[in-house]
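J.: Below are the sequence and a predicted model; questions follow.
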Amino acid sequence: MAKIFTNRPGLLLSLAILIAGVLALFTVRASLPFLPERFGSDPYLGAWARLIIFVTLFACAFIFMRIQNEQFKVELVAVLLGVCFSALVFYVLRETSYSFNGIAGDQGFITVQVTKFAYFSKSVDFAYAQLPAFYPPLYFFVLGKIAAALSIEPYKIIKYGLIVVAFFLPLVSVKLWSRIRAGELAVFPLFALLIFQEWYKPYEWLTLVAFIPWWLYAIEGIEPKKGASFGCWLLNSLIGAVLFSTYYYWFFIGGISLILRIVFRPIREEFGFDYKSGFMVLLGSAIFSSAYWAPFLASMWRSGGWTSYQNRYFLPDFNNLTFPFLESSSTGLLLLAGLAYLLVTFKHNRISSGLLGLLIGAYVWQILGYVGLLFDTPLLIFKARDFIVYLLAAATGLAIGEVWSYAKRKAAWKERWAPSLLGATIILGLFTGQSVVKGLVENELLQPALRTQYPTDLVSGYRKIVGEEPVGHVILGDGNTYVLSAYMPVFQFLSWAADYSHPAGLYEERVDFLQKLSRLENPAWFAAALMNNRYDHVNEILLHNTGENYGFGYRPNQFPMPVTSETIYFAKDIFDPKYFDQYEIGNYVLFIPNYGADPLLEFPEPSSYDAMRIIDGLGDGDDFYEFLLHFGGHVRFNNQQAYWEFLHQSFGN
């Protein structure tokens, strides 16, 4: 720890650059109201955005050429690029409170999860009450807590999360790369940020940018200085835990690359790396991230639900094994240059060797995905495409750095090499910078963000009935009503789509329960089953009023086919006013169960129960037996086993 403070001037310099960047970002935010309204749409938005990134790249080139202090220019370039990225997001999304895609698709899941963490201190699932998060929660947890601390509505913090990530990405990149690529050479992997961006899921982008240099340094053991210490292990393990708890997918690729190295090479390579330290870091990362995965695994063990639906989201395109470096485009050519650099240098360059190992691991992982698919266990291999593009773009940046370093050693540097390289860098920067702008301005998810409106009628109607802050309520709601969870800390009885469902949530069992409910014709038994279901205490039921009946829409698991919506219909007369209070909210009808009127409360103790006696609305013992026969696995109530044994003896034959 003492080493951190021995270079106090350098630390102060870094802090000053960071503060300057933050102030610049606040200036950008303050300028938004003063921009002409037409700047918010094309063609003006595209022109404005291009000017921003072009000026930024010119400034970065000037700084890199003119400033001699390596730390100063590397961090200043990183902060300038971060301010540029954040400013672009500010301007592109200035007409909306939402991030890309509004609250549709994955952005809906993200918004709901952030809302939960704004209200709950423990790990909590986005859909099911009493379950911990199944998706790596750290990013959502941080956003939720910031929203709560600043009294910002959680759905609004999503956009600001993207802005903050965009600001810090370049700085995170140079800080981590500087551990294996000292001095000004740490800036060249920033080139990858101009080739690959993930504006939709910034947590994936952030972890990808950090994972590769972290893996090379902490696991592959590539570092400019010899020696290790407990402090080094602790820092590397904590970084690994943060990455894993934010988005763990890249660890699969890293793991494959590590296995391949062990299998096809001696334990100690020609570079002299001992795998022991890497395994110790992975162990430390596992320990420090256990706050996420331990409750998650425990919940599956307790429920017996081990089926993951997240990886069962599948489109035919996912089967394609892509080779982006062979595409007939300028970007493909740049990626091919990165691949060529790795192939030429990997035998004598540890960084190239490590990157090539990760690249091979990414392709092996995709091939394993075909095997998994044949056994109905897909691996979401399409995610590896992003990894490959970013890795090869970083390799291209490293190759540019090698050319730069070679040219600087030449006597004719100032007269010949510097102007040529500067010109080539500017041209390349203008090309890639324009691609960044197009990725934002022409993003297909931008218009959904701009069109998304706060559902005032639904939210205010619900709050008027149940109260302003229905914290922890469980809604058995039509799939379209999941938006309530994006604006309030309420849970869903059934995740609106199977691929978002927690394994321990027992998705298929819940669907089976609802389908059986829809086939009941007796209002009393319907109420009994709902009020005593074993999954969740249902606070409200919110269904679509179709006119003839009530509809519950959902998106089931239909792997390997693309997901389509299905609807379960309930007869209107099944909701007896004796058991449910009824309210109207636009095209929806809301029912609140009256648990004090639970039909099962009518039954005496099993020892005094007369199976021949008819109970009003419920029938006799034969009816009770039929109920248990069909719903016994879905309900839990006092003396259930005793009733079952008694009734099975009487009616089981």
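T.: Nice, I can see it. Numbers count the residues shown, from 1 in each chain.
J.: CA atoms for contacts and neighbours, from now on please.
T.: Fine.
J.: Any stretches of this structure with poor pLDDT?
T.: Scanning the chain for pLDDT under 70 picks out the ranges 1-9, 224-228, 265-274, 410-419, 421, 653.
J.: can you map out the strands along it?
T.: 474-477, 491-492, 540-545, 549-554, 566-571, 580-585, 588-593 (DSSP state E).
J.: Could you dump these into CSV with mean neighbour count and distance to residue 134 added?
T.: As requested, the strands of the chain are exported to CSV (neighbours: other Cα atoms under 10 Å; distance: least, Cα to Cα, whole Å):
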stretch, mean neighbour count, distance to residue 134
strand 474-477, 26, 18
strand 491-492, 28, 15
strand 540-545, 23, 25
strand 549-554, 20, 20
strand 566-571, 17, 25
strand 580-585, 16, 32
strand 588-593, 21, 29
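J.: Could you say which one of the ones you listed comes nearest to residue 532?
T.: strand 588-593 (11.1 Å; Cα to Cα).
J.: now the angle between strand 580-585 and that closest one, please.
T.: Counting by axes from the mean of the first three to the mean of the last three Cα atoms, to 10 degrees, strand 588-593 lies at 160 degrees to strand 580-585.
J.: Mind listing the strands strand 588-593 pairs with, and their directions?
T.: Paired with strand 588-593 in the same sheet, following DSSP bridges, are strand 540-545 (antiparallel), strand 580-585 (antiparallel).
J.: Just give me the neighbour total for residue 11.
T.: Residues within reach of residue 11, counting by other Cα atoms under 10 Å, total 12.
J.: what's the closest of the strands paired with strand 588-593 to residue 404?
T.: Comparing those by Cα to Cα, strand 540-545 comes nearest, at 63.3 Å.
J.: Make CSV out of the strands of the chain and add distance to residue 241.
T.: Conversion of the strands of the chain to CSV gives the following (distance: least, Cα to Cα, whole Å):
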stretch, distance to residue 241
strand 474-477, 32
strand 491-492, 28
strand 540-545, 38
strand 549-554, 35
strand 566-571, 39
strand 580-585, 45
strand 588-593, 43
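J.: right, and those strands - which one's nearest residue 140?
T.: strand 491-492 (16.3 Å).
J.: ok so, going back, export the strands paired with strand 588-593 as a markdown table, with columns for distance to residue 129.
T.: What follows is those, written out as a markdown table (distance: least, Cα to Cα, whole Å):
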| stretch | distance to residue 129 |
| --- | --- |
| strand 540-545 | 14 |
| strand 580-585 | 22 |
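J.: Tell me which of those lies nearest to residue 174.
T.: strand 540-545 (50.1 Å).
J.: got a list of contacts for the closest one?
T.: 473-478, 481, 550-552, 587-593 (Cα atoms under 8 Å, 6 or more residues apart in numbering).
J.: Give me the neighbour count for the nearest residue to residue 171 once chain neighbours are set aside.
T.: For residue 171, ignoring the flanking residues on the chain, the nearest one in space by Cα to Cα, 6 or more residues apart in numbering is residue 78 at 5.1 Å. The number of residues packed near residue 78 is 27, by other Cα under 10 Å.
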